[in-house]
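J.: This is a predicted model, with the sequence first.
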Amino acid sequence: MIFDIDVNFWSIYKDLKIVPEFKAILDSDKSKDKNKASTIMWALFMLYHPESNYANAPMKDKMMLIKKDFLKDENFDFEQYKEAIDYIKKLLTPKEVQLLNDWLSKLEQRTEFIASIKYDVDTAEMLDSLLKSTEPIWKGYEATKKRLQDSGAGITKGGAEESISEKGLI
């Protein structure tokens, strides 16, 4: 990604105008040149893109730096752009990694569900069955994760994702 914040975001990334989550930001800017929408998009991509100069900074520090020094608005609310942020994250995450993350999310929900059930005479058999089946499910997840790591599908050891330039996408 080209991070030329002095150039209007929309003049570089014209194709992103059609993404509904980004189009909403663009359409909310009633000015002719769409500079406010451009600045917001640069801020969002600086915050989340792995090739941003701020990629390795703690999120809280990045947010404050971007709010104060780039946007010049310490009250800027990134949460207001949650849909766009979620789409940026999807855009930057390979499909295989998205599916693996979805699987992990379901495993975490399953763990919470099991933890929420009191172990007693009425639930013992069901809980024992769930607990017994937990290990094979986790092994399947871990084996799939390792295969993706070994294949170079965008997962690195430690769970970090390769940047899109490391994957050769840009």
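T.: Sure thing, it's come through. Numbering: from 1, shown residues only.

J.: Every contact and neighbour count from this point should use C-alpha atoms.
T.: OK.

J.: for the residue of the chain positioned farthest from its centre, helix, strand, or coil?
T.: Ranked by distance from the centre of the chain (Cα atoms, centre = their mean), the top residue is residue 121, with 42.3 Å. Following DSSP: H, G, I helix; E, B strand; the rest coil, we place residue 121 in the coil state.

J.: can you count the residues close to residue 61?
T.: 11 (other Cα atoms under 10 Å).

J.: Oh, that last question was meant for residue 7, not what I typed.
T.: So residue 7, with other Cα under 10 Å, has 13 neighbours.

J.: Break the chain into its domains for me.
T.: 9-91, 95-159 (automatic domain parsing).

J.: how about stretch 128-143: buried residues?
T.: Within stretch 128-143, the residues that count as buried by 16 or more other Cα atoms under 10 Å are residue 141.

J.: C-alpha coordinates for it, PDB please?
T.: What follows is stretch 128-143, C-alpha atoms only, in PDB (Å, rounded to 0.1, in the frame of the first residue of the first chain):
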ATOM      1  CA  ASP A 128     -18.300 -35.500  30.300                       C
ATOM      2  CA  SER A 129     -19.200 -36.100  26.600                       C
ATOM      3  CA  LEU A 130     -18.400 -32.400  25.700                       C
ATOM      4  CA  LEU A 131     -15.100 -32.500  27.600                       C
ATOM      5  CA  LYS A 132     -14.100 -35.800  26.100                       C
ATOM      6  CA  SER A 133     -14.700 -34.500  22.600                       C
ATOM      7  CA  THR A 134     -12.800 -31.200  23.300                       C
ATOM      8  CA  GLU A 135      -9.300 -32.600  22.700                       C
ATOM      9  CA  PRO A 136      -9.800 -34.000  19.200                       C
ATOM     10  CA  ILE A 137     -11.500 -30.700  18.200                       C
ATOM     11  CA  TRP A 138      -8.600 -28.700  19.400                       C
ATOM     12  CA  LYS A 139      -6.100 -31.100  17.800                       C
ATOM     13  CA  GLY A 140      -7.900 -30.600  14.500                       C
ATOM     14  CA  TYR A 141      -7.700 -26.800  14.900                       C
ATOM     15  CA  GLU A 142      -4.000 -27.000  15.800                       C
ATOM     16  CA  ALA A 143      -3.200 -29.300  12.900                       C
END
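
J.: What mean pLDDT does it get?
T.: Stretch 128-143 shows a mean pLDDT of 93.

J.: hang on, the earlier thing: would you mind measuring from the residue farthest from the centre of the chain to residue 61?
T.: Note on residue 121: its distance to residue 61, by Cα to Cα, to the nearest Å, is 51 Å.

J.: Ok, residue 18 next?
T.: 31 Å.

J.: What ranges does the chain have for its strands?
T.: Per DSSP state E, the chain carries no strands over any range.
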